[in-house]
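Enquirer: Below is the structure, and that's it, no one-letter string:
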């Protein structure tokens, strides 16, 4: 029997401990003992071996990128970040290279150039944003650029970012730019997370002069930067046209405009992330075969988990075969307090200044389509509810949503919108999807419970004239809302706003506290209860231009009448406490 090669065993042991330097020194010794053995290359590349300090002061970008290049040259490997604080500008990912963030490690985004300045921290800048294209106008600046990020990759495959460490976008812009200049972030007080905050924007800069008139309020007492200014970074992680990507176990604090911007990324796994941020948590745009699971996203000022289908790639590409499961989204916790575990809520609406958004949403960018989605076992707190939106020509079809629990929802628990904004290139109808209204059909929503939601908008499910939502089934839903609606609110004339930006409040107050259905064909609703805490003078369910609708086992107060049926046909109500048979 052959015995195990002890030299090889020792090498594997050292590699598994993350001691890349030891692996480097062990290789020559092995070669001397066994000249005939094949040349071995290290599997682990410690960024400190390449000159990184992790001292929280030195710019470690050159050393980090050297380690990544060495791993790529070796045919692949893992770049390890031991405990330490690694200040960095743009980190460039490579194929077959993983980043591993060890416990106690943090990659910290260096401060971008301030308004009116050409360089940032220690004279550095982020990689230049890509040149503008003919289709930039069809989505905002953040969606059209990837290179101006803390970590980015384009056209690569077999990439991982894993480990329990932190990515802190301290020096990134959250989206301020020309027309939206930043406000003074307010001196040097500590952020909510207890980490050191940035400094105020100098009063002699162009941004300061305009800030009082048109500004995004400060968030977390960080310095604000203009996203479109040269040298500024505005995303924590961005990837374009990549495949076989795994993102797992790390945390993102203050991720810029996007914690994750993933465009045209196929075979994508996102698992066990914690994102505590001042804009979008994760945008999954034009991607195929995606699994999002076991993640927490606190995003008070924007959306949490957002599949999109924009025109950022220069053509219509759908988001296909996506599952989102076992996730928690919120918009009510102060920036940084979810990551540090203190979970401090905003004490009043003024503390938050904007939003409380924090939801799961398909859209708003919706050129290509959303096909085959399964969303399950997710918790919403202090945020907006679940949203399906197609307004730019996308086909939104075959979606299953089940097992959602919601608390303190600030708008619609359930929001579905088929509209005609049609923001995209205008070609011949039939050859360019952006010239025709899309579809929203074959959607199943079940097992949803919602406590303490506002009643202004109910749950809003609307198509537009001539373009109905089709084949919607809603079952086993319990909604407890605030109530309190007045008689005059039951008579409100709801506008269409066919080409408006889709938001739950876009149509104004609705004549129902429960469900508002307009322009819809083939609806089934069963075992649904809507309970207003305070008496409400509006109906629980309002139908307008709905055709072939079946209601079974619906519970709601019957005074006033629970159903308002308008310009609708083939409506049946059976076995319901809310109304007699109809």
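Expert: Nice, thanks for sending it over. Note that the structure is a prediction, hence the values are computed from the model and not measured.
Enquirer: And stretch 42-54, end to end?
Expert: 22 Å (Cα to Cα, to the nearest Å).
Enquirer: tell me how far that stretch is from the chain's mean position?
Expert: 31 Å (Cα atoms, centre = their mean, to the nearest Å).
Enquirer: cool, stretch 493-504 as well?
Expert: Worked out by Cα atoms, centre = their mean, stretch 493-504 lies 24 Å from the chain centre.
Enquirer: Report all helices and strands that the single longest strand found in the chain contacts.
Expert: Determined from DSSP state E, the single longest strand within the chain is strand 515-534. Contacts defined by 3 or more Cβ pairs under 8 Å, 6 or more residues apart in numbering; DSSP states H and E place strand 515-534 against strand 459-462, strand 469-483, strand 541-555. In this view, the C-beta of every residue, glycine as well, is placed from N, C-alpha and C.
Enquirer: How far off centre is the next helix or strand after the last one?
Expert: Along the chain past strand 541-555, the next helix or strand (assigned with DSSP states H and E) turns out to be strand 563-566. With Cα atoms, centre = their mean as the basis, the distance from the averaged C-alpha position of strand 563-566 to the chain average is 36 Å.
Enquirer: for stretch 247-254, same thing?
Expert: Between the centre of stretch 247-254 and the centre of its chain there are 13 Å (Cα atoms, centre = their mean).
Enquirer: now swap in stretch 386-396 and tell me
Expert: Worked out by Cα atoms, centre = their mean, stretch 386-396 lies 16 Å from the chain centre.
Enquirer: can you give me the helices in the stretch 51-200 of the chain?
Expert: Along the stretch 51-200 of the chain, the segments classed as helices by DSSP state H, counting those that start in this stretch run 61-73.
Enquirer: Distance check, residue 87 against residue 63.
Expert: Shown here: residue 87 relative to residue 63, a distance of 11 Å by Cβ to Cβ, to the nearest Å.
Enquirer: More neighbours: those two, which one.
Expert: Shown here are residue 87 and residue 63; by other Cβ atoms under 10 Å, residue 87 has more neighbours (26 against 20).
Enquirer: Is it correct that that one is in contact with residue 52?
Expert: No - between residue 87 and residue 52 there is no contact under Cβ atoms under 8 Å: 9.7 Å.
Enquirer: what residues are shared contacts of these two?
Expert: Counting by Cβ atoms under 8 Å, 6 or more residues apart in numbering, the contacts common to residue 87 and residue 52 are 58, 60.
Enquirer: Surely residue 397 is in a strand?
Expert: Yes - with DSSP: H, G, I helix; E, B strand; the rest coil as the criterion, residue 397 is located in a strand.
Enquirer: What is the neighbour count of it?
Expert: Residue 397, neighbours per other Cβ under 10 Å, totals 20.
Enquirer: and it, what are its bridge partners?
Expert: Under DSSP bridges, the beta-bridge partners of residue 397 are residue 371, residue 441.
Enquirer: ok, the spatially most central residue of the chain - contacts?
Expert: Closest residue to the average C-alpha location of the chain: residue 282 at 2.8 Å, with Cα atoms, centre = their mean. By Cβ under 8 Å, 6+ apart, the contact set of residue 282 is 258-260, 262, 270, 273, 275, 292, 295, 297, 304-306.
Enquirer: Tell me the secondary structure at it.
Expert: strand.
Enquirer: so what's it closest to, chain neighbours aside?
Expert: Leaving aside its chain neighbours, residue 282 sits nearest to residue 260 (4.0 Å; criterion: Cβ to Cβ, 6 or more residues apart in numbering).
Enquirer: Burial check on the nearest residue to residue 533 once chain neighbours are set aside, number of neighbours?
Expert: Leaving aside its chain neighbours, residue 533 sits nearest to residue 483 (5.2 Å; criterion: Cβ to Cβ, 6+ apart). Neighbours of residue 483 under the rule other Cβ under 10 Å: 18.
Enquirer: is it true that residue 483 touches residue 534?
Expert: Yes - Residue 483 is in contact with residue 534 according to Cβ under 8 Å; the separation is 3.9 Å.
Enquirer: circling back: can you give me the buried ones in the longest strand of the chain?
Expert: Neighbour-count burial for strand 515-534 flags 515-532 (criterion: 16 or more other Cβ atoms under 10 Å).
Enquirer: Likewise for stretch 552-568?
Expert: Residues of stretch 552-568 classed as buried: 553-557, 560, 562-565, 568 (neighbour count, 16+ other Cβ under 10 Å).
Enquirer: mind listing the helices for the stretch 301-450 of the chain?
Expert: Under DSSP H, counting those that start in this stretch, the stretch 301-450 of the chain gives helices at 349-352.
Enquirer: can you give me the strands for it?
Expert: 305-308, 319-325, 328-330, 361-362, 369-381, 386-390, 395-407, 414-418, 439-453 (DSSP state E, counting those that start in this stretch).
Enquirer: How about the stretch 101-250 of the chain?
Expert: Using DSSP E, counting those that start in this stretch, the strands of the stretch 101-250 of the chain run over 105-109, 151-154, 157-162, 166-168, 235-240, 243-248.
Enquirer: how close does the nearest residue to residue 528 once chain neighbours are set aside sit to residue 225?
Expert: Distances taken as Cβ to Cβ, 6+ apart place residue 477 nearest to residue 528, at 4.6 Å, with adjacent residues excluded. Separation of residue 477 from residue 225 (Cβ to Cβ): 43 Å.
Enquirer: swap in residue 384?
Expert: Taken as Cβ to Cβ, the span from residue 384 to residue 225 is 27 Å.
Enquirer: which of those two has more neighbours?
Expert: For residue 384 and residue 225, the more surrounded residue by other Cβ under 10 Å is residue 225, and the numbers stand at 31 against 28.
Enquirer: give the contact list for that one.
Expert: Going by Cβ under 8 Å, 6+ apart, residue 225 touches 111-115, 171-173, 176, 182, 232, 234.
Enquirer: out of those, which are buried?
Expert: 111-115, 171-173, 176, 182, 232, 234.
Enquirer: From these, which one has the minimum pLDDT?
Expert: Note: of the buried ones among the contacts of residue 225, the lowest pLDDT belongs to residue 182, at 62.
Enquirer: Counting neighbours, what do you get for residue 128?
Expert: 12.
Enquirer: residue contacts, it?
Expert: So, once contact is read as Cβ under 8 Å, 6+ apart, residue 128 ends up touching 147-148, 230-231.
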